[in-house]
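[1] can you look at this prediction? I've put the sequence above it.
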Amino acid sequence: MSLKLYNSLSRKIEDFVPINPELVTMYTCGPTVYYYQTIGNFRTVILSDIVHRVILFNDYKVRHVSNFTDVGHLNGDHDDILDPNTGEDKIELQARKESKSAKEITDYYIDDYKQSLNQLNIKSRTFTRATEYIKEQIDMIQVLEKKGFTYRTSDGIYFDASKFSAYGDLSGYKANQILEGARVDINSEKRNPNDFALWKFSKPEDNRLQEYESPWGVGFPGWHIECSAMAIKELGVSIDIHIGGEDLRMIHHQNEIAQSECATGEKFANFWVHGAFLQVDGGRMGKSLGNAYTMQDLVANGVDPLAYRYLCLTAHYRSPLNFTWESVNAAQNALHNLYSQVEELKEVKNSEIDSTYHSRFKEALNEDLNLPRALAVVWDMLKSGIPDETKVVTLAEFDKVLGLNLLDHVGFVIPKKVEDLAKTRDAYRKAGIWDKADIIRKEIDSLGYLVEDTKSGYKLKRKI
Ligand SMILES: [Zn+2]
């Protein structure tokens with residue numbers, strides 16, 4: 001029942017065998033911190049969190065690094081067409097728009113991002129900022145230059161993809177093949193369509209806010225080199241698992257592999273894990289479509305961030321997930337039902353976990369992260385006849401992966417004051433004094449509880 005993961009590189013489900021069984025290494029491509037992140041980005045973050053937690057669940061230790069791109073990501077990729085070698089630097093553009101420094105912009109959006117991670121119960125990881133690894137990026141480009149993998153054009157130093165024979169193993173596109181949907185490259189100095197910038201020269205007319213000295217002149221690093229330089233510096237030349245959204249597989253990740261393996265001569269990452277897109281209303285999500293929702297949008301619409309996490313767990317990570325306000329509200333209802341079930345459990349200590357449910361849960365996780373099946377095991381266990389105390393300790397294990405704060409709801413006790421108010425309200429209702437009953441309902445509500453009337457009498461619930 002060991003962990004099996006789908007590897008985008010081999011296009012097969014493989015047994016996960018760590019390079020060093022003492023410490024699993026993981027790298028997740030993080031956000032370009034020029035604006036609020038979309039819930040689509042957070043779907044990938046939740047996936048990386050689940051992988052992290054599943055690794056721990058399998059009794060490994062893990063070192064997980066994720067970056068902030070705070071320089072060098074050009075907006076040539078717009079919504080869907082990827083060409084990060086062209087266009088304007090996203091950070092610089094936003095800084096000018098908001099009349100702030102690049103650092104003020106990136107600090108602000110990094111804080112915002114971290115807040116969302118907290119709301120989503122994302123386990124801690126080590127963060128790296130591209131601007132703090134400029135030296136490592138320059139060093140790596142120099143190694144590539146010495147080994148003959150680079151060439152110079154009028155706007156920067158480029159990687160010659162045709163010199164890496166494994167180019168295309170991940171993306172399916174060799175160095176000289178034009179990617180489907182890509183616009184014709186305007187840079188005629190590139191030797192192959194899939195060559196990419198390692199270092200870009202500053203142009204005086206750009207008045208760049210962030211630029212650095214280098215052996216090739218003042219400029220800034222290309223977007224791809226940062227992840228390779230930071231991953232290798234923080235995790236070593238070969239890492240176990242590299243994660244990102246599926247939009248990164250074709251170019252960014254293929255280029256990370258090319259430059260890393262040419263620089264070190266070692267395999268860069270054993271497993272490539274890619275999360276499928278989040279769709280909105282059955283279609284594409286995009287800023288230009290006005291449906292690139294953020295965590296703030298969810299909260300403003302009364303959606304608990306953990307309900308969004310729950311929604312993500314209901315679909316397999318390699319399948320598209322359709323976000324609609326109905327689907328996220330249904331997830332919120334399901335989560336609240338789960339909490340209600342957990343509230344019924346009495347907390348009793350010193351019990352053993354239920355090994356049958358535990359192995360069913362672990363089996364689902366280890367079968368390429370089948371979270372929908374793992375969630376079904378949670379529901380089955382709660383409905384089963386096993387004693388409460390066994391349910392509680394087993395649930396505690398499950399929540400180490402689910403991250404839904406389930407244990408906060410165990411053994412929920414209604415405060416006496418709320419219980420008394422509910423009794424008084426019930427008496428008014430029975431007497432037909434509806435206005436007084438309603439005033440008390442509002443008071444109960446203001447204390448953070450909901451009172452529901454059922455055939456068998458009223459029921460109190462904690463507002464979540
Ligand atoms: Zn990356």
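    Received, thanks. Numbers count the residues shown, from 1 in each chain.
[2] which residues touch Ala376?
    Ala376 sits next to Ala364 when contact means CB atoms under 8 Å, 6 or more residues apart in numbering. Where you see a C-beta, it was placed from the backbone N, CA and C, and this is true even at glycine.
[3] starting from the host helix or strand of it, tell me the next helix or strand along the chain.
    In this structure, Ala376 sits in helix 371-383 according to DSSP states H and E. Note on helix 371-383: by DSSP H and E, the next helix or strand toward the C-terminus is helix 388-402.
[4] list of residues touching that next one?
    So helix 388-402 is in contact with 50, 53-54, 56-57, 313, 342, 345-354, 357-358, 361, 365, 374-375, 377-378, 381-382, 384, 405-407, 410, going by CB under 8 Å, 6+ apart.
[5] which of the residues in the helix or strand just after that helix are buried?
    Later in the chain than helix 388-402, the nearest helix or strand by DSSP H and E is helix 416-430. Residues of helix 416-430 classed as buried: 418, 421-422, 425-426, 428-429 (neighbour count, 16 or more other CB atoms under 10 Å).
[6] likewise for stretch 209-225?
    Residues 209-212, 214, 216, 219-225 are the ones in stretch 209-225 that count as buried (16+ other CB under 10 Å).
[7] what's the farthest-apart pair in these?
    For the buried residues of stretch 209-225, with distances taken as CB to CB, the pair at the greatest spread is Leu209 and His224 (21.2 Å).
[8] residues from this structure in reach of the ion?
    Residues of the chain that fall close to the ion, judged by CB under 5 Å from the ion: 29, 227.
[9] okay, and the residue in the stretch 201-350 of the chain positioned nearest to the ion sits in which element?
    Here the residue of the stretch 201-350 of the chain nearest the ion is Cys227; by CB to the ion that distance is 3.1 Å. If you go by DSSP H and E, Cys227 is part of helix 223-235.
[10] low-confidence stretches in the stretch 251-400 of the chain?
    Applying pLDDT under 70 to the stretch 251-400 of the chain flags residues 347-349.
[11] just the helices in it please.
    254-264, 295-300, 305-313, 325-343, 355-366, 371-383, 388-402 (DSSP state H, counting those that start in this stretch).
[12] okay if I get these as a markdown table plus distance to Ala437?
    Listed next are the helices of the stretch 251-400 of the chain as a markdown table, based on distance: least, CB to CB, whole Å:
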| stretch | distance to Ala437 |
| --- | --- |
| helix 254-264 | 64 |
| helix 295-300 | 32 |
| helix 305-313 | 30 |
| helix 325-343 | 23 |
| helix 355-366 | 43 |
| helix 371-383 | 33 |
| helix 388-402 | 34 |
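[13] for these, which one sits closest to Thr150?
    Of all the helices of the stretch 251-400 of the chain, it is helix 254-264 that lies closest to Thr150, at 9.4 Å by CB to CB.
[14] outside of that closest one, which residues touch it?
    Under CB under 8 Å, 6+ apart, the answer for helix 254-264 is 140, 143-144, 147, 149, 159, 161, 163-164, 166-171, 173, 194, 196, 198, 224-225, 227-228, 231-232, 237, 242, 267-269.
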